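**Student:** coords below, sequence missing:
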């Protein structure tokens with residue numbers, strides 16, 4: 001027993017020395033390792049196939065059904081099996097985890113209003129002309145009172161700012177406003193183009209016009 005142990009240890013040492021010194025032995029060892037690595041993955045595949053058929057048989061399927069199932073393609077090898085959705089579908093709000101909002105619905109154009117009729121255009125033109133004429137009324141005048149003369153008749157006394165004026169009945173102011181009435185309390189102007197357009201000035205003492213807040217004019 002004691003004689004066998006030294007010889008065995010000497011053989012191991014000799015083998016290690018052979019690997020260290022002999023290039024051919026080293027190359028054969030590397031080739032052997034490569035062959036083992038290349039053959040190793042094939043063993044699980046065979047077991048997987050056997051396990052698949054065994055599971056089918058355990059499920060109570062006959063040979064015809066097993067053969068039909070084996071003809072089906074492996075779903076894991078389909079082209080789309082490993083693809084992820086595109087970035088649009090993957091996008092999510094960080095807080096609400098909501099997807100991308102749908103695109104806005106196309107907005108319906110506003111209905112085109114119908115053009116005004118001839119009657120409507122005429123009414124708008126008349127209104128504009130009336131307002132333009134009303135803006136020319138002699139509102140800057142201030143009525144003080146009137147004087148009566150045998151030769152000239154009634155004469156109205158007015159102020160425009162600080163300058164006095166006297167107008168007889170029938171006087172035209174601002175071209176289209178005719179002085180038609182004078183009394184102790186009022187002076188009335190009437191538009192020569194629109195008979196219903198009038199302006200009435202109430203009589204005020206001139207001393208009252210020194211205070212702008214005391215100026216009162218009734219206009220229609």
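**Tutor:** In hand now; what should we look at? Note that the structure is a prediction, hence the values are computed from the model and not measured.

**Student:** could you pull out the helices for this protein?
**Tutor:** 4-21, 23-39, 42-58, 63-70, 87-90, 118-134 (DSSP state H).

**Student:** now for residue 133: which residues touch it?
**Tutor:** Residues near residue 133 by CB atoms under 8 Å, 6 or more residues apart in numbering: 176, 191, 193-194, 197. No exception for glycine: its C-beta is placed from N, CA and C like everyone else's.

**Student:** if you could redo that for residue 192, that was the one I meant.
**Tutor:** With contacts defined as CB under 8 Å, 6+ apart, the neighbours of residue 192 are 172, 176-178.

**Student:** and with 6 Å instead?
**Tutor:** 176, 178 (CB atoms under 6 Å, 6 or more residues apart in numbering).

**Student:** cool, residue 23 as well?
**Tutor:** Taking CB under 6 Å, 6+ apart as the definition, residue 23 has no contacts.

**Student:** show me where the chain dips below the pLDDT cut-off.
**Tutor:** For the chain, the stretches with pLDDT under 70 are 1-12, 19, 38-61, 69, 71-100, 205-220.

**Student:** let's have the contacts of residue 133 in CSV, adding neighbour count.
**Tutor:** Shown next, in CSV, are the contacts of residue 133 (neighbours: other CB atoms under 10 Å):
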residue, neighbour count
176, 17
191, 19
193, 11
194, 13
197, 17
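
**Student:** give me the beta-bridge partners of residue 147?
**Tutor:** residue 155 (DSSP bridges).

**Student:** that one is in contact with residue 156, isn't it?
**Tutor:** No: using CB atoms under 6 Å as the test, residue 147 is too far from residue 156 to be in contact (8.1 Å).

**Student:** the more surrounded of these two?
**Tutor:** Per other CB atoms under 10 Å, whichever of residue 147 and residue 156 has more neighbours is residue 156, with 24 against 12.

**Student:** ok, that one touching residue 181?
**Tutor:** No: Residue 156 lies out of contact with residue 181 (CB under 6 Å); the separation is 9.4 Å.

**Student:** so which of the contacts of residue 133 comes closest to residue 124?
**Tutor:** residue 194 (16.6 Å; CB to CB).

**Student:** may I have the phi/psi pair for the closest one?
**Tutor:** Backbone torsions of residue 194, given as degrees, to the nearest 10, read phi -120, psi 110.
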